[in-house]
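# Next come a sequence and a model predicted from it.
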Amino acid sequence: MSQQLYDHITKYVEVPDRDYLRIPQYFETVNLRKKGYLLKAGSRCTYNYFVLKGCLNMYFDNEKGMPQTVQFAIENWWLSDYLAFAGQRNTGFYIQAVEATKVLRITYTDQERLLMEFPYLEKYFRHIFQTAYGASLMRVKHLYALSKEEIYFHFTEQYPEFAQRVPQYLIASFLGLTPEYVSEIRRKRLS
C-alpha cells in the first residue's frame, strides 16, 4: 500500500498488519500533468481519487460558460463527484490538475469490495466524509456571514497552502469573487 495512504488511514482506524499488503490491490496510481483532467462533465464518474502529490480543482461551467470552482484537493485529500460516483451516473463536474499531480484511484465496484473485505474502512471513510461535510458547512456560513474582503482574507489565512499553490483566479472562483476584485483587495491591503 502507498505508505502515504496507509498513514492517512491509520490516523482514523487501526489496520491489522495482515491487511497492509492486501488493500493496495484495489487501487491504481495515475500521474497527471498540469491542466490534465481526471473527470469531465458529461462523462460517467467511475472513480474516487486520493491525492498523493499535487493539487486538483473541481469545477463546473456556470450559466455564463465560466468555470466555477467548488472544491480543491491537495495531498491526503479525497475527491470525486460523490453523488454521481455512488449512482454510477454522468457528472456535471470537471476535475483538473492545478499542478503535476499523482493520485490513487479506486472504482466504485472496487471500493464496495474493499469495504466488504475490510469493514473497519467504513469508519475511515465516515470520518473523511464528516470532515468534508463540516468544511462545506463552514464555507457556506462564511459566504453568508462575511464580507467579500473578509471571505478572501479568511481563506488565505486559514489555508495558506492553497494561497501559495493555487492561482488567484481559481481562488477567486472558489470564493465567488472576480480575479479583478481579488487583485484590488490585495493591493489595498499592501498599501
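Great, that's in hand. Note that the structure is a prediction, hence the values are computed from the model and not measured.
# Got phi/psi on the residue nearest the centre of the chain?
With distances taken as C-alpha atoms, centre = their mean, the residue of the chain nearest its centroid is Ala73 (3.1 Å). When read as degrees, to the nearest 10, the backbone of Ala73 gives phi -140, psi 130.
# just Leu79 next, same as before
Torsion angles, degrees, to the nearest 10, at Leu79: phi -150, psi 130.
# What's the separation between it and Ala73?
Look at Leu79 and Ala73: by C-beta to C-beta, to the nearest Å, they are 4 Å apart. In short, each C-beta sits where N, CA and C put it, glycine included.
# what residues do the two have in common as contacts?
Residues touching both Leu79 and Ala73 by C-beta atoms under 8 Å, 6 or more residues apart in numbering: Tyr49, Val51, Leu56, Met58.
# Which one of those residues is nearest to Arg89?
Distance to Arg89 across the shared contacts of Leu79 and Ala73 (C-beta to C-beta) is lowest for Met58, with 16.2 Å.
# Number of residues surrounding the residue lying closest to that closest one once chain neighbours are set aside?
Using C-beta to C-beta, 6 or more residues apart in numbering and skipping residues adjacent in sequence, the residue nearest Met58 is Gln71, 4.3 Å away. Gln71: 19 surrounding residues under other C-beta atoms under 10 Å.
# Point out where this protein drops to low pLDDT.
By pLDDT under 70, the low-scoring segments of the chain are 1.
# The residue nearest to the centre of the chain contacts Asn48, doesn't it?
No - counting by C-beta atoms under 8 Å, Ala73 does not reach Asn48; the two are 11.1 Å apart.
# which other helices and strands contact the lengthiest helix in the chain?
Criterion DSSP state H: the longest helix present in the chain is helix 120-145. Packing partners of helix 120-145 (3 or more C-beta pairs under 8 Å, 6 or more residues apart in numbering; DSSP states H and E): helix 108-117, helix 148-158.
# which residues are in contact with both of Ala73 and Asn48?
Common neighbours of Ala73 and Asn48 (C-beta under 8 Å, 6+ apart) are Leu79.
# how about the strands in the chain?
28-32, 37-39, 47-53, 56-61, 67-73, 78-79, 94-97, 101-107 (DSSP state E).
# Val182: which of those is closest?
It is, among the strands of the chain and with distance given as C-beta to C-beta, strand 67-73, at 12.8 Å.
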